[in-house]
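> got a predicted structure here, sequence first:
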Amino acid sequence: MFKLYFSLWLVATLVSINAEQNELTVAEICKQVAPSTTILHPNTCDKWVRCPSTFNSEDYEEGSCVYGLRFNKDTGRCESMDDVSCPYESVAVSNRCASMKNGTFLADPNNCSGYIFCNNAREMHSTCPMDLVYHPEKMACVYSNEYSCSMETEVVDVSPICKAVPKNIIFADTMDCTKYYQCDEKEQLNSLTCAEDEAFNYTTFQCVARNKAVCHPLAPQLEPEIDVCTQGNKTIVGYIADKESCSGYYICAEQDTGKPDRHPMYFKCQTGYFFDSNTWSCRDRVNVKCTLDRCEGWSSKYVNVPGDCSAYSRCKNGVTVNTGKCGTGFFFDERSQICSQQPITYAACMP
């Protein structure tokens, strides 16, 4: 019998400590729900708290129902005790162990598998192992064929935050901007995910396009998506030139969903080479037609101008600072950096 008492006491102690650690504070709850949400104060049945109107504010408002009423978190009002089910009922009721001898075991009135251990006039709740029920006379966990209990033995795993907030409320996942939570009718917490290419907007509490989403202040910000792997309604798979430089290119990977790659890998050709979309290769810069600033990569040189082989651009720190043109009958040779009478037919300057 000593072993039985000791085992039950140890389990009760561990469960009680764990339960206390899992309870959330008002501040923790208000950090997740929408600003100005009114919640039931944790571990009470008749007190409420209105969360701050802005994130990181401290303007909490607290109140309590008048005698004989409980706070209904779903309607946001104090109502008759007969009409309100309090999720903290087992915490708020009077202490059953207050007048009990230390070490007394009691049956849990709300759970056939549960029992209460009285430790220094304090209730410590615990539950029998799976498929067992608590026998109050034997003060032991037994099989259901040894003791008949009329209550439902299934225990719903109620989420700590769902105890305090209105049912069906949704709020942001502070760890992932594409996800959000909802407390269902059983006060269980459900994790939901926005559709692909969408994220959860903390300000409107809706899934919106990723580029319009405002993430929760505590959530990691979304990685920027790159919209280069599409051409009209067509999805591109393979290598595509960077639209902002002559040497850069993306690798658009094929997606299992068939949709465009939103995070393509980015690379640049080595100095002196530009990306050629026709051959998917890095080529000598004069052999690649690029209509962007061809001064890229050059600090103080002259380069050919697209569409006019007699013209040139002067480069400084990788950008064009001014342009010029060779005399009549002369062509600019980017390789030799001179105007020459020898006709130039580089792809870089051809029409």
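Received the coordinates, thanks.

> and the contacts of stretch 35-51?
By Cβ atoms under 8 Å, 6 or more residues apart in numbering, the residues outside stretch 35-51 that reach it are 23-26, 29-30, 33-34, 52-55, 60-65, 69-71, 73, 76, 78, 84, 86-89, 91-92, 160, 163-166, 169. C-beta: built from backbone N, CA, C; applies to glycine.

> tell me the buried residues in it?
Residues of stretch 35-51 classed as buried: 37-42, 44-51 (neighbour count, 16 or more other Cβ atoms under 10 Å).

> could you chop the protein up by domain?
1-148, 167-212, 230-287, 294-351 (automatic domain parsing).

> which stretches in the stretch 1-150 of the chain count as helices?
Assigned helices in the stretch 1-150 of the chain, in chain order: 2-22, 26-30, 89-92 (criterion: DSSP state H, counting those that start in this stretch).

> list the contacts of residue 108.
Contacts of residue 108 by Cβ under 8 Å, 6+ apart are 114-116, 125, 134.

> count of neighbours near the residue nearest to residue 139 when sequence neighbours are not counted?
Excluding the flanking residues, the one nearest residue 139 by Cβ to Cβ, 6 or more residues apart in numbering is residue 105, at 4.6 Å. Residues lying near residue 105 (other Cβ atoms under 10 Å) number 20.

> against residue 53, how distant is residue 39?
Using Cβ to Cβ, to the nearest Å, residue 39 is found at 14 Å from residue 53.

> distance to residue 218 added to the domains of the chain, as CSV?
Output for the domains of the chain, formatted as CSV (distance: least, Cβ to Cβ, whole Å):
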stretch, distance to residue 218
domain 1-148, 7
domain 167-212, 4
domain 230-287, 23
domain 294-351, 40
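
> next, the contact list for residue 347, please.
Residue 347 touches 286-289, counting by Cβ under 8 Å, 6+ apart.

> by neighbours, which of the residues you listed wins?
That'd be residue 288 among the contacts of residue 347, by other Cβ under 10 Å, with 24 neighbours.

> how much space between the closest residue to that one other than its chain neighbours and residue 182?
Leaving aside its sequence neighbours, residue 288 sits nearest to residue 274 (Cβ to Cβ, 6+ apart; 3.9 Å). Distance of residue 274 to residue 182, computed by Cβ to Cβ: 52 Å.
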